[in-house]
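Participant: sequence and predicted structure, then a few things I'm wondering about:
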Amino acid sequence: MYDRILIATDGSDNAQRATHQALDLARQYGAKLHAVYVIETRTGYDNAIVDPDTVRQNLREDGEKALTAVETEGEPDVSVITSVREGVPHEELLSYIVDQGIDLAVMGAKGRSAFKTILLGSTTEALLRADQVPVLVVNSAGE
């Protein structure tokens, strides 16, 4: 049923719960797991105070940590492919979904982004609205 599953991670608690679900599904279906972290490029900051290259490098390091956590959680029988991308998160994820032929996207209901909607994170909502692939939304315990 699923050959390629995407886990969109930002390292948040919801993303970690979603990672467990994605790994379980990948194991059940013998699917490859694609773990993707997107460096948000819409974030504004004062260039006179903060060096944009330093910010980008810090975000890249955060992304690599988040992806390493996915690989560490994985089991030997699950193939994990990782990717750090830069751009608008939902646009980058949709592009990745099309490029890689993803069958299912798994995401946390809300992430770390400052751009929030009332019930879902903006990236999650955008993927649901795009209707490219089924999206499994994992919320936090107690929500």
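Facilitator: Received the coordinates, thanks.
Participant: packing partners for the top helix by length along the chain?
Facilitator: Ranked by number of residues, the top helix in the chain under DSSP state H is helix 52-73. Judged by 3 or more Cβ pairs under 8 Å, 6 or more residues apart in numbering; DSSP states H and E, helix 52-73 is in contact with helix 13-29, strand 32-40, strand 80-87. C-beta: built from backbone N, CA, C; applies to glycine.
Participant: what about it, distance to the chain center?
Facilitator: 12 Å (Cα atoms, centre = their mean, to the nearest Å).
Participant: buried sites along whichever strand or helix holds Thr123?
Facilitator: Using DSSP states H and E, Thr123 sits in helix 122-130. Of all the residues in helix 122-130, those buried under the rule 16 or more other Cβ atoms under 10 Å are Ser122, Thr123, Thr124, Glu125, Ala126, Leu127, Leu128.
Participant: go on, stretch 2-16?
Facilitator: By 16+ other Cβ under 10 Å, the buried positions in stretch 2-16 come out as 2, 4-12, 14-16.
Participant: so what's the nearest residue to Val98 once chain neighbours are set aside up against?
Facilitator: Spatial nearest neighbour of Val98, chain neighbours left out: Gln132 (6.9 Å); criterion: Cβ to Cβ, 6 or more residues apart in numbering. Residues near Gln132 by Cβ atoms under 8 Å, 6 or more residues apart in numbering: Leu94, Ile97, Val98.
Participant: among the helices and strands packed on helix 52-73, which is nearest Thr68?
Facilitator: Nearest to Thr68 among the helices and strands packed on helix 52-73 is strand 80-87 (8.2 Å), distances taken as Cβ to Cβ.
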